[in-house]
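Enquirer: here is a sequence with its predicted model. Questions after.
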Amino acid sequence: MQPMLRKVPFVPPMAPRLAKAPPTGPEWFHEVKFDGWRAQLHVDGDAHALYSKNGADYTKRFSQIKHIARSIQAKGAIVDCELLAVDDNGMPCFRTLMELGNRATLVLVAFDLLHLNGVRLTPIPIEHRKAELKKIVDKVGTHFFQFSEPFEDAVELLKICHRIGFEGIVSKRRGSPYQSGSTRDWLKTKTETWRAENSGRWEMFRK
């Protein structure tokens, strides 16, 4: 049985395909790919739930995010986001998320809006979904809940992410609907910095 919060079930996420280089051109915009766990936040009245990308219930495991859910000014919403653990400088740290979990300082970076007040938004173009999402995030007004800003220049954004040490970028095709599963409408490009520093990531956590 799929996990659900009242009436609206978990939505299998849209997954970007890996690319060697980001696409360019006016039909694309680009976002930072943060190094955390993909999550889906459901809000329904006074209730909320947080799910992993596979639909596992994260609500109790990451109870710290309840203050975010309670601050969202909507009767109902489903937000596609990335769950991050950050250090004192606000930099995401995957190891901290793995080791400390709910004891870490947690941030949700919101990048898509799938449902709002009983209306399914997945068929409408991504830029319209993001416009509605930005309104929600701005009203919450906390740095623990952030909006994933779109950028026009993929090459420059990837250079910045490389210099800072971020994972990479995700390029998204304008006008595209939200479709569960792997898609060429979203493409991810990882930085050489991140690749080098995380080549043995899972071996490190198996020790």
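Expert: Nice, I can see it.
Enquirer: can you tell me the closest non-neighbouring residue to Val140?
Expert: Closest residue to Val140 apart from its sequence neighbours, by C-beta to C-beta, 6 or more residues apart in numbering: Ser71 at 4.6 Å. Placement of C-beta: from N, CA and C, glycine included.
Enquirer: all strands for this protein, in order.
Expert: Counting by DSSP state E, the segments of the chain that form strands are 4-5, 8-9, 14-18, 28-33, 37-44, 47-52, 76-86, 105-116, 119-120, 145-147, 168-173, 181-190.
Enquirer: of the ones you listed, which is nearest Thr59?
Expert: With C-beta to C-beta as the measure, strand 47-52 is the member of these nearest Thr59 (4.8 Å).
Enquirer: mind listing what's buried in that closest one?
Expert: The neighbour-count check on strand 47-52 (16 or more other C-beta atoms under 10 Å) flags His48, Ala49, Leu50, Tyr51, Ser52 as buried.
Enquirer: ok, now stretch 12-25?
Expert: Of the residues in stretch 12-25, those buried (16+ other C-beta under 10 Å) are Pro13, Met14, Pro16, Ala19, Pro22.
Enquirer: between those, which is nearest Thr105?
Expert: Among the buried residues of stretch 12-25, and counting by C-beta to C-beta, the member closest to Thr105 is Pro13, at 24.4 Å.
Enquirer: isn't the closest one up against Asp80?
Expert: Yes: using C-beta atoms under 8 Å, Pro13 is in contact with Asp80, at 6.4 Å.
Enquirer: what's the overlap in contacts for these two?
Expert: Listed as contacting both Pro13 and Asp80 by C-beta atoms under 8 Å, 6 or more residues apart in numbering are Arg38, Gln40.
Enquirer: in the chain, where's the longest helix?
Expert: Using DSSP state H to define each element, the chain has its longest helix at helix 126-140.
Enquirer: contact partners of it?
Expert: Here helix 126-140 has contacts from 29, 68, 71-74, 77, 79, 110-114, 116, 121, 145-147, 150, 172-178, using C-beta under 8 Å, 6+ apart.
Enquirer: just name the closest of the buried residues of stretch 12-25 to Arg61, please.
Expert: Of the buried residues of stretch 12-25, the one sitting nearest to Arg61 (C-beta to C-beta) turns out to be Pro13, at 18.1 Å.
Enquirer: pull the contacting residues for the closest one.
Expert: Arg38, Gln40, Lys53, Asp80, Ser180 are the contacts of Pro13 under C-beta under 8 Å, 6+ apart.
Enquirer: what about the nearest residue to the first one once chain neighbours are set aside, neighbour count?
Expert: Which is Arg38. Nearest residue to Arg38, sequence neighbours excluded (C-beta to C-beta, 6+ apart): Lys53, at 3.8 Å. For Lys53, the neighbour count with other C-beta atoms under 10 Å is 15.
Enquirer: swap in the one 5 residues further on?
Expert: Neighbourhood size, Tyr58 [other C-beta under 10 Å]: 21.
Enquirer: give me the pLDDT value at it.
Expert: pLDDT recorded at Tyr58 is 94.
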